[in-house]
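>>> Have a look at this prediction, sequence included:
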Amino acid sequence: MKKILKWLGILLGGVLAFVLVVGLIAPKSSHVAVRIFTKASAEKAAPLFQKWENWTQWSPWKASDSTMKVSITGTSGTVGSKYNWVGEETGEGSMTVTEIDAYSLNFDLAFGGPLPSTWKCKMEAQDTIGGSILSWTFDGESPYPFNAFSYLFNMEDYVRSDFEKGLKTISAIAEGPVSYDIEMMKNPGLHFLINRATVKFGDIPAFFGERYGVIYSEAEKLKIKAGTPCGLFFRYNNEKGETDMAAAAELQERTNQKSPKFTAISFDRNEAPTLLKINYYGPYEGTGAAHEAMDVFMKQENLVQVPPVIERYVTDPGTEKDPNKVLTEIIYAVKKKN
């Protein structure tokens, strides 16, 4: 035991010595600047990053951490307002507005945890020929001896990748809805195993992660062939920021199996004889444009939607690394207005 403790002491001493020596030569400051072109004007793009409530539409960190909880203090879009978060993957921290004008936002980015730090950030949209330039800069200091860890973890590379993802999503949203091909077909009858609840908008990814495991494991025990994972959305309450929804597994045919862990339901053609479908490719945060396109089409064709809205998650984003190749089939069951 004494030998083990001795070697542990030598090892820890070596690590400490490494940190102290490398910290003398490692850079203490970091600077990251990312710029992209968008066809959208600065007027359309700027509100997406100036208003904290809009960050849920495009934030790369919110998309990567289903456990993240977000809260906003102060008046969004004004100096002093704060965006707070905590999550298993992203840790905890906050962003506080220090300066804001027509098309730019300066804020302090503070990380919590055992090594708290604060970084200066600026986001800006500048009009140019044919659109605007979106930029995001990041400046910070790593005090000695913690700066030694920059050789083990390249903060600049990590941040740059996330900034690029965020700006590209802002660009896609600001440029406006794209044209979608809407397929109209007869309703063959849809069958699902569902686990239903009222869920806060920000908790939807975590809800899916938990309930899919329950549904598929129970289906396997009961020897039910559960197919593609889906999301069924029955009602939205924008004032409360929540939705009556279900995690679902699609079935090829109706089942009479019962379980306390799921409900088997079917939507027959008599309820809604027609289905509308959009094949949406891209990150989940961008599906809103496809739903808006569906609303416009229904108004034009004098159709009314029969709940629930169905999202069929054909591609697993966990295996497909390119978000632009992730396929979500958005399906509305509809009928003619009376």
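That came through fine. Please read these numbers as outputs of a predicted model, since none were measured by experiment.

>>> Excluding sequence neighbours, find me the nearest residue to residue 172.
The shortest distance from residue 172 to any non-neighbouring residue, by Cβ to Cβ, 6 or more residues apart in numbering, is to residue 286 (6.0 Å). Just so you know, the C-beta spots here come from the backbone N, C-alpha and C atoms, and that holds for glycine as well.

>>> so what's residue 126 up against?
Residue 126 sits next to 42, 103, 132-133, 135 when contact means Cβ atoms under 8 Å, 6 or more residues apart in numbering.

>>> I'd like the distance between it and residue 279.
35 Å (Cβ to Cβ, to the nearest Å).

>>> residues touching the nearest residue to residue 134 once chain neighbours are set aside, list them.
Spatial nearest neighbour of residue 134, chain neighbours left out: residue 167 (4.8 Å); criterion: Cβ to Cβ, 6+ apart. Shown in contact with residue 167 (Cβ under 8 Å, 6+ apart): 34, 36, 134-136.

>>> out of the residues you listed, which are buried?
The neighbour count (16 or more other Cβ atoms under 10 Å) marks 34, 36, 134-136 as buried among the contacts of residue 167.

>>> and these as CSV, adding pLDDT and secondary structure?
Below are the buried ones among the contacts of residue 167 laid out as CSV (pLDDT from 0 to 100; DSSP: H, G, I helix; E, B strand; the rest coil):
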residue, pLDDT, secondary structure
34, 92, strand
36, 92, strand
134, 96, strand
135, 96, strand
136, 96, strand
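
>>> Return the closest of these with respect to residue 206.
Comparing the buried ones among the contacts of residue 167 against residue 206 with Cβ to Cβ picks out residue 136 as the nearest, at 27.1 Å.

>>> Which strand residues bridge that closest one?
residue 34, residue 123 (DSSP bridges).

>>> Let me know the distance separating the closest residue to residue 252 other than its chain neighbours from residue 261.
Spatial nearest neighbour of residue 252, chain neighbours left out: residue 227 (6.6 Å); criterion: Cβ to Cβ, 6+ apart. Relative to residue 261, residue 227 is positioned 17 Å away (Cβ to Cβ).

>>> ok, now residue 275?
28 Å.

>>> quick one, domains of this structure?
29-174, 182-336 (automatic domain parsing).

>>> any chance you could map the strands in the stretch 151-300 of the chain?
182-186, 190-200, 229-237, 242-251, 263-267, 274-281 (DSSP state E, counting those that start in this stretch).

>>> contact partners of the last one?
Applying Cβ under 8 Å, 6+ apart, the external contacts of strand 274-281 come out as 180-187, 286-287, 290, 293-294, 297-298, 303, 324-335.

>>> Next step: these restricted to helices.
Residues of these located in helices (DSSP state H): 287, 290, 293-294, 297-298.

>>> Show me which of those has the smallest pLDDT value.
Lowest-confidence member of the ones in helices among the contacts of strand 274-281: residue 287, scoring 82 (pLDDT).

>>> okay but residue 249 is in contact with residue 192, surely?
Yes: taking contacts as Cβ atoms under 8 Å, residue 249 lies within contact range of residue 192: 6.6 Å.

>>> quick one: common contacting residues for these two?
residue 230.

>>> any idea whether the residue lying closest to residue 86 once chain neighbours are set aside is helix, strand or coil?
Once flanking residues are discounted, residue 86 sits nearest to residue 92: 4.2 Å by Cβ to Cβ, 6+ apart. The three-state label given to residue 92 by DSSP: H, G, I helix; E, B strand; the rest coil is strand.

>>> which residues sit in contact with residue 92?
By Cβ under 8 Å, 6+ apart, residue 92 lies in contact with 85-86, 111-113.

>>> and with 10 Å instead?
Going by Cβ atoms under 10 Å, 6 or more residues apart in numbering, residue 92 touches 68-69, 84-86, 110-113, 116.

>>> From residue 47, how far out is it?
Taking Cβ to Cβ, one finds residue 92 at 26 Å from residue 47.
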